[in-house]
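Trainee: build me a model:
(chains A and B)
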Protein chains: 2
Amino acid sequence: MTATVHPLGASRSASLDAMMQLVAGDLNHVNSVILGRMQSDVVLIPELAGHLIAGGGKRMRPMLTLACARLLDYGGTRHHKLAAAVEFIHTATLLHDDVVDGSGLRRGRRTANIIWGNSASVLVGDFLFSRSFELMVEDGSIKALRILSRASATIAEGEVNQLTAQRRVETSEDHYLDIISAKTAALFAAACRIAAVVAERDEAVEEALDAFGRNLGIAFQLIDDAIDYASDAVTMGKGVGDDFRDGKVTLPVILAFARGEEGERQFWREAIEGRRNSDEDLAHATRLLRRHGALDDTIDRARHYGQRAIDALGPFPAGKAKAALVEAVEFAISRAY
Amino acid sequence: MTATVHPLGASRSASLDAMMQLVAGDLNHVNSVILGRMQSDVVLIPELAGHLIAGGGKRMRPMLTLACARLLDYGGTRHHKLAAAVEFIHTATLLHDDVVDGSGLRRGRRTANIIWGNSASVLVGDFLFSRSFELMVEDGSIKALRILSRASATIAEGEVNQLTAQRRVETSEDHYLDIISAKTAALFAAACRIAAVVAERDEAVEEALDAFGRNLGIAFQLIDDAIDYASDAVTMGKGVGDDFRDGKVTLPVILAFARGEEGERQFWREAIEGRRNSDEDLAHATRLLRRHGALDDTIDRARHYGQRAIDALGPFPAGKAKAALVEAVEFAISRAY
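Mentor: Next up is the predicted model:
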């Protein structure tokens, strides 16, 4: 299965099944590392971390590390610890995100900050983040450490950047792409790139996998942005309207604001400032988004990055691993249909 | 100057001057690394980080790295980046601490969470933490990375442990020592230990410096605990009664609670639960502490750890560096007089 056989995004039936089958054995090992390393004598740590880690996450990022390693015919086990480190960084980021956003629900479950409080979420996030570096140190590759510490700094930078933009509906599309490239796509890119490090492949291979992950990450985030306004979509448990109620500026809003008339812009300003967050406001927002094609065009932008992700895999030989990675991109896009 | 010539804690005149003179040149380099690496295109990052980093910190931990390196006659520059990494970890911890404690003042200045909000403090803390790992990766020593990632995980574990104990006045002295060994002493220990790594000395030297730093860190924290109740002390800008008003269980409280009668214990329970935090309550608390010798004995415990820190330096030759480190311990203790 390649991109040319299956036009991207045309398939509602794309799934992560092929990738999950491809990496099932490795993923079991990664899961034991994750469970083993989130333990602590301080019982609140495994309790809180377990809530999030066991709570329905797809392990998307570690699966990408494993699938990319398979693409490179890597037969070792070094990537198990590194994939667990990636998941810990992701989990730490989610814990801090929920505090920053004041979120109460994630994937339909109450968030850790609601159950245990913001302080515990901040500190357990710090613990998981430190633990992720301990795992990388055990692996011992300075190159992997460089990639993941860079990605971590970039994520934090992107989060602060988003915080600055948070209540500014005038955020430009370029600025928004910078934000999600940092806060979402950097870890996807790093997760894929470290596969080339453990497989000891050259810089060109590293960069191809980095580009694959980065573009997939952007596509993934843009589809998430669209799904948040699409009540008829397969939402993967994400609550509809969360972004709207949190006053988050995402690409659909940026497009609708740019294309709207002054009355509409006033509505968006008030919404993003948090003065319009009722169900009726959400329904009105969704109507405006549809009127200007903002959701379709957000999905179209996502397809563009998804296509770039698939094309970044060009240099690699066809096979099960490549097909699974291509289908992961198709799946990311198909969630919007 | 050795411990036998100057009995520990007898001198009010001990200062950090000798250590500052010893490492002045190196500290300039560390300060440029710190200033250079807290930069970002996201302007909120240097703004917020600069507030704390430029805001009257003593650079105690990086100075310890530099002074320990001098003790080992290390003549290189590798420790500049690592000392900056240590300060970044410390700064990240302070930012998150102030969010967790809901603090409004630090060293007499408004805290970052009050000025820029909790979200910005959490995220800029994450950024500095990631940046600290990038600095270590640039140095390239897996051993230094192992020491500092372990210390970071230990700090976070200690903070969560303290959070669990936060409103529990029945916390035991042993439990409290576990907490401060993790949340304060682990970074002091790591700051000293990495000097042995850059100087390429053996495990015994590493462990001696680790023990020096760890015991100094415990002494430092215990004196901080005592100072918080001692209005006539040189307070280094720390507000008197902060711990009391935050309902923090520290060693003076643990001792007074253990030694008090039921009526006093009831007072402490209410205080630690946050139901007694007026100036009169603070005055009453201080009277109880003095009645039971809880402050003197906290200082005495600190002297014990200070003495152990000095004795850990036994294997090293006399000289300016050793004298400066001994005086740093004397200074830590003397703050209580």
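
Trainee: near chain B, which residues of the stretch 151-300 of chain A are found?
Mentor: The stretch 151-300 of chain A has residues A:152-153, A:155-157, A:159-161, A:163-164 near chain B, with proximity defined as C-beta under 8 Å from any C-beta of the partner chain. Every C-beta, even on glycine, is put in place using the N, C-alpha and C of the backbone.

Trainee: now with 10 Å, please.
Mentor: Within the stretch 151-300 of chain A, the positions adjacent to chain B are A:151-164, A:166, A:178-179, A:182-183 by C-beta under 10 Å from any C-beta of the partner chain.

Trainee: okay, and which of these map to strands?
Mentor: The members of these all map outside strands under DSSP state E.

Trainee: in space, what's closest to residue A:291 - neighbours in sequence excluded?
Mentor: Distance criterion C-beta to C-beta, 6 or more residues apart in numbering or on different chains; nearest residue to residue A:291, sequence neighbours excluded, is residue A:256 at 8.0 Å.

Trainee: sticking with residue A:80, tell me its helix or strand.
Mentor: Using DSSP states H and E, residue A:80 maps to helix A:78-101.

Trainee: quick one: the residue nearest to residue A:291 and residue A:296 touch, right?
Mentor: No. With contact defined as C-beta atoms under 10 Å, residue A:256 does not count as touching residue A:296 (11.5 Å).

Trainee: for those two, indicate the residue with more neighbours.
Mentor: Per other C-beta atoms under 10 Å in any protein chain shown, whichever of residue A:256 and residue A:296 has more neighbours is residue A:256, with 28 against 15.

Trainee: same for the helix or strand that that one is a member of, what does it pack against?
Mentor: Per DSSP H and E: residue A:256 is located in helix A:251-259. Applying 3 or more C-beta pairs under 10 Å, 6 or more residues apart in numbering or on different chains; DSSP states H and E, one finds that helix A:251-259 contacts helix A:173-180, helix A:203-227, helix A:242-245, helix A:262-272, helix A:279-291, helix A:294-312.

Trainee: about what we covered before: can you pull the contacts of the residue nearest to residue A:291?
Mentor: A:169, A:229, A:264-265, A:267-268, A:285-295, A:297-298 (C-beta atoms under 10 Å, 6 or more residues apart in numbering or on different chains).

Trainee: repeat for residue A:184
Mentor: Each residue near residue A:184 by C-beta under 10 Å, 6+ apart is listed here: A:93, A:155, A:158, A:214, A:216-222, A:224.

Trainee: how about residue A:213?
Mentor: With contact taken as C-beta under 10 Å, 6+ apart, residue A:213 is in contact with A:61, A:64-65, A:68, A:151, A:185-195, A:309, A:312, A:325.

Trainee: cutoff 7 Å now
Mentor: A:64, A:188-189, A:191-193 (C-beta atoms under 7 Å, 6 or more residues apart in numbering or on different chains).

Trainee: same check, this time on residue A:201
Mentor: residue A:72.

Trainee: and it, that one's in a strand?
Mentor: No. Under the criterion used here (DSSP: H, G, I helix; E, B strand; the rest coil), residue A:201 is coil, not part of a strand.

Trainee: just checking, residue A:169 touches residue A:272?
Mentor: Yes. Residue A:169 lies in contact with residue A:272 (C-beta atoms under 7 Å); the separation is 4.4 Å.

Trainee: more neighbours, these two?
Mentor: Neighbour totals were compared for residue A:169 and residue A:272, and residue A:272 leads with 23 against 20 (other C-beta under 10 Å).

Trainee: so which bits of the stretch 1-150 of chain A are right by chain B?
Mentor: Proximity of the stretch 1-150 of chain A to chain B is confined to A:40, A:42, A:44-45, A:96, A:99-100, A:119-120, A:122-124, A:126-127, A:129-131, A:133-134, A:137, A:140, A:142, A:145-146, A:149-150 under the rule C-beta under 7 Å from any C-beta of the partner chain.

Trainee: list buried residues within the residues you listed.
Mentor: A:40, A:42, A:44-45, A:96, A:99-100, A:119-120, A:122-124, A:126-127, A:129-131, A:133-134, A:137, A:142, A:145-146, A:149-150 (16 or more other C-beta atoms under 10 Å in any protein chain shown).

Trainee: re earlier: what about whatever helix or strand comes next after the helix holding residue A:80, average pLDDT?
Mentor: Toward the C-terminus, helix A:78-101 is succeeded by strand A:105-106 as the next helix or strand (DSSP H and E). Mean per-residue pLDDT for strand A:105-106: 72.

Trainee: same question for stretch A:66-78.
Mentor: Computed over stretch A:66-78, the average pLDDT equals 97.

Trainee: ranking the helices and strands packed on helix A:251-259 by burial, who's on top?
Mentor: Mean neighbours per residue, mean count of other C-beta atoms under 10 Å in any protein chain shown, is largest over the helices and strands packed on helix A:251-259 for helix A:203-227, with a mean of 23.

Trainee: distance from that one to the middle of the chain?
Mentor: 9 Å (C-alpha atoms, centre = their mean, to the nearest Å).

Trainee: what's the angle between that helix and helix A:251-259?
Mentor: Angle, helix A:203-227 to helix A:251-259, by axes from the mean of the first three to the mean of the last three C-alpha atoms, to 10 degrees: 70 degrees.

Trainee: list the contacts of residue A:192.
Mentor: Contacts of residue A:192 (C-beta under 7 Å, 6+ apart): A:64-65, A:68, A:209-210, A:212-213.

Trainee: which strand or helix spans residue A:324?
Mentor: Using DSSP H and E, residue A:324 falls within helix A:320-334.

Trainee: pretty sure residue A:270 sits against residue A:276.
Mentor: Yes. The pair residue A:270 and residue A:276 passes the contact test of C-beta under 7 Å, sitting 4.7 Å apart.

Trainee: not counting its neighbours along the chain, what's nearest whatever residue of the stretch 201-337 of chain A ends up closest to chain B?
Mentor: Closest approach of the stretch 201-337 of chain A to chain B (C-beta to the nearest C-beta) occurs at residue A:246, with a separation of 12.0 Å. Excluding the flanking residues, the one nearest residue A:246 by C-beta to C-beta, 6+ apart is residue A:101, at 5.6 Å.

Trainee: ditto for residue A:248
Mentor: residue A:166 is the one closest to residue A:248 (C-beta to C-beta, 6+ apart), at 7.1 Å.

Trainee: repeat for residue A:154
Mentor: residue A:186 is the one closest to residue A:154 (C-beta to C-beta, 6+ apart), at 4.2 Å.

Trainee: ok, that neighbour - contacts?
Mentor: Contacts for residue A:186 (C-beta under 7 Å, 6+ apart) come out as A:151, A:154-155.

Trainee: and it, what element?
Mentor: Using DSSP H and E, residue A:186 sits in helix A:186-198.

Trainee: only C-alpha atoms, please: export that helix in PDB.
Mentor: The C-alpha trace of helix A:186-198 is given here as PDB (Å, rounded to 0.1, in the frame of the first residue of the first chain):
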ATOM      1  CA  ALA A 186       8.700  18.600  17.500                       C
ATOM      2  CA  LEU A 187       8.100  15.500  19.600                       C
ATOM      3  CA  PHE A 188       6.700  13.500  16.600                       C
ATOM      4  CA  ALA A 189       9.800  14.400  14.700                       C
ATOM      5  CA  ALA A 190      12.100  13.400  17.500                       C
ATOM      6  CA  ALA A 191      10.300  10.200  18.100                       C
ATOM      7  CA  CYS A 192      10.800   9.200  14.500                       C
ATOM      8  CA  ARG A 193      14.400  10.600  14.200                       C
ATOM      9  CA  ILE A 194      15.800   8.600  17.200                       C
ATOM     10  CA  ALA A 195      15.000   5.400  15.300                       C
ATOM     11  CA  ALA A 196      17.700   6.400  12.800                       C
ATOM     12  CA  VAL A 197      20.100   6.900  15.800                       C
ATOM     13  CA  VAL A 198      19.600   3.500  17.300                       C
END
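
Trainee: and the angle from that helix to helix A:294-312?
Mentor: 10 degrees.

Trainee: sheet-wise, list the partners of the least confident helix or strand in chain A by mean pLDDT with their directions.
Mentor: Using mean pLDDT, DSSP states H and E, strand A:105-106 stands out as the lowest-scoring helix or strand of chain A, at a mean of 72. Strands that pair with strand A:105-106, judged by DSSP bridges, come out as strand A:109-110 (antiparallel).
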